[in-house]
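Q: Model the structure of this input:
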Amino acid sequence: MKIFSKIVMAVAGLTLLATPAFAEKVVKWNLAMTWSSTLTPLASPAPKLAKMVEAMSDGKFIIRVEGSEKHKAALGILDMVSGGQYEMGHSAAYYWKGKDVNSVFFTTLPFGMTAAEQYAWFYYDDGMDYMAQVFDKFGVLSFPGGNTGVQMGGWFRKEINSLDDLKGLKMRIPGLAGEVFSRLGVNVTNIPSGELYTSLDRGTIDALEWIGPGMDIKMGFHKIAPFYYTGWHEPASEMQFMINKRAYDKLPPAFQVMLQTAMRAVTADMYSENFADSVNAWAQMKSEYPNIQVKTFPTPVLKAMKQATDDVMAENAAKDPLFKEILASQQDFMAKARAWTIISEYNYVKTSMELGE
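A: Down below sits the predicted model:
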């Protein structure tokens, strides 16, 4: 039996005695995901949350989870939760950039915080307060929903040796990173996930960014593009649970606590699952496709990316006082956090590598 299943059963056993204090009738909710039901680990947190809540409530709180193959509105989750068609959603906040640019802060920023730094900002600094402020106008409560950690910089059919190699390149890359690459001459496009392999194989695009080995191996990009670039644009991509505020307020207090407890648990679990998947997938990729070359973008290219990122941030901050405020909060916290990250994890890994560990 997997550890997560054991946790669910243990929680169920601990809570059965308290069940009579809960709602007399069964509460039934629906949750819509941006992802298809099979696209794990992105699709893992929501079903696990539903199992935990049902176990903790002794079957009095039921959440039915629907993948995008069911509701057919992968990028409509915020609207559906806000409008009450679904009580909950699982997605990524930066997909709502067109509705409110401040939503990008709750997924990730290019050259931003690591997952550990970002979680500290969320839970023990200003992050949760700012997220509540941004999503309040939608009538939605927002919570962290699982992290992919550092995402890879993408699969490229040709090696990138200079800024000139980016000019005219056709690449699928979303969000602020797409804006950055566009400023460097890349023809940025956003293609549905089901069409990515074919587009890369046929040369419709020259490169694409997805996530990391654990999920990339399922897509097969490594069979086509031999150059795998390290990350810069999504150092800690946080997923998002959304809850319709009116529905949440109607819940018994005990169910509210269960929901928040389960969200926190499955959020941490997704990060671990994704890390483990990438560990195993990368070992498999190296063995079966030894021609894959892991590359880091040349320093002049990275400097241009960083400058373009700073320009995008400054332009948005000049237009939006809240953007400026949240950006300052993240930058101030990251400056403190990065000092500790370097002293602790970075130096430990560096020392271990130097010793041949």
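Q: Can you show me the helices along the protein?
A: 3-15, 45-56, 68-71, 77-83, 115-124, 127-136, 175-183, 196-202, 213-219, 245-249, 253-288, 299-319, 321-341, 347-354 (DSSP state H).
Q: can you state the direction angle for the longest one and helix 45-56?
A: In this case it means helix 253-288. 140 degrees (axes from the mean of the first three to the mean of the last three C-alpha atoms, to 10 degrees).
Q: List the buried residues of helix 253-288.
A: 254-255, 258-259, 262-263, 265-267, 269-271, 273-275, 277-278, 281-282, 285 (16 or more other C-beta atoms under 10 Å). Every C-beta, even on glycine, is put in place using the N, C-alpha and C of the backbone.
Q: same check, this time on the fifth one
A: Within helix 115-124, the residues that qualify as buried by neighbour count (16+ other C-beta under 10 Å) are Ala115, Ala116, Glu117, Gln118, Tyr119, Ala120, Trp121, Phe122.
Q: So the fifth one sits against Pro144, correct?
A: Yes - using C-beta atoms under 8 Å, Tyr119 is in contact with Pro144, at 7.2 Å.
Q: okay, the spatially closest residue to Ile243 that is not a sequence neighbour: pLDDT?
A: What sits nearest to Ile243 in space, not counting adjacent residues and going by C-beta to C-beta, 6 or more residues apart in numbering, is Leu141, at 4.4 Å. What the model reports for Leu141 is a pLDDT of 98.
Q: measure Gln85 to Ala262 for me?
A: 22 Å (C-beta to C-beta, to the nearest Å).
Q: Then Lys170?
A: 42 Å.
Q: Tell me where the stretch 251-357 of the chain is predicted with low confidence.
A: Residue ranges of the stretch 251-357 of the chain with pLDDT under 70: 357.
Q: Out of the buried residues of helix 115-124, which comes closest to Pro226?
A: Ala115 (28.1 Å; C-beta to C-beta).
Q: give the contact list for the nearest residue to the closest one once chain neighbours are set aside.
A: Once flanking residues are discounted, Ala115 sits nearest to Ala236: 4.2 Å by C-beta to C-beta, 6+ apart. Contacts for Ala236 (C-beta atoms under 8 Å, 6 or more residues apart in numbering) come out as Thr108, Gly112, Met113, Thr114, Ala115, Glu117, Gln118, Asn147, Thr148, Gly149, Val150.
Q: now, which of those lie within strands?
A: Mapping these onto strands (DSSP state E) picks out Asn147.
Q: Which pair in the contacts of Ala236 has the greatest spatial separation?
A: Largest pairwise distance in the contacts of Ala236, by C-beta to C-beta, is 14.7 Å, between Glu117 and Thr148.
Q: Excluding chain neighbours, give the residue nearest to Gly67 in space.
A: Gly67 sits nearest to Ser37 (C-beta to C-beta, 6+ apart), 3.4 Å away.
Q: And the pLDDT at that neighbour?
A: We note a pLDDT of 95 for Ser37 in this prediction.
Q: That one - how many residues pack around it?
A: Counted with other C-beta atoms under 10 Å, the neighbours of Ser37 add up to 15.
Q: Met52 reaches Ala265, doesn't it?
A: Yes - counting by C-beta under 8 Å, Ala265 is a contact partner of Met52 at 6.5 Å.
Q: List the residues that contact the residue nearest to Arg172 when sequence neighbours are not counted.
A: Distances taken as C-beta to C-beta, 6+ apart place Leu208 nearest to Arg172, at 4.1 Å, with adjacent residues excluded. Leu208 sits next to Gly154, Trp155, Met171, Arg172, Ile173, Ile191, Leu196, Ser199, Leu200, Phe221, Ala225 when contact means C-beta under 8 Å, 6+ apart.
Q: Show the contacting residues for the first one.
A: Each residue near Gly154 by C-beta under 8 Å, 6+ apart is listed here: Met171, Ile173, Ala207, Leu208, Glu209, Trp210, Tyr228, Tyr229.
Q: Please determine how far it is located from Ala225.
A: 8 Å.
Q: circling back: from the contacts of Leu208, which ones fall inside strands?
A: Per DSSP E, the subset of the contacts of Leu208 in strands is Gly154, Trp155, Met171, Arg172.
Q: how does this protein divide up, domain by domain?
A: 3-147+236-276, 154-233+290-319 (automatic domain parsing).
Q: would TSV of these with distance to Met353 be doable?
A: Shown next, in TSV, are the domains of the chain (distance: least, C-beta to C-beta, whole Å):
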stretch	distance to Met353
domain 3-147+236-276	18
domain 154-233+290-319	15
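Q: That's all I had, so thanks and see you.
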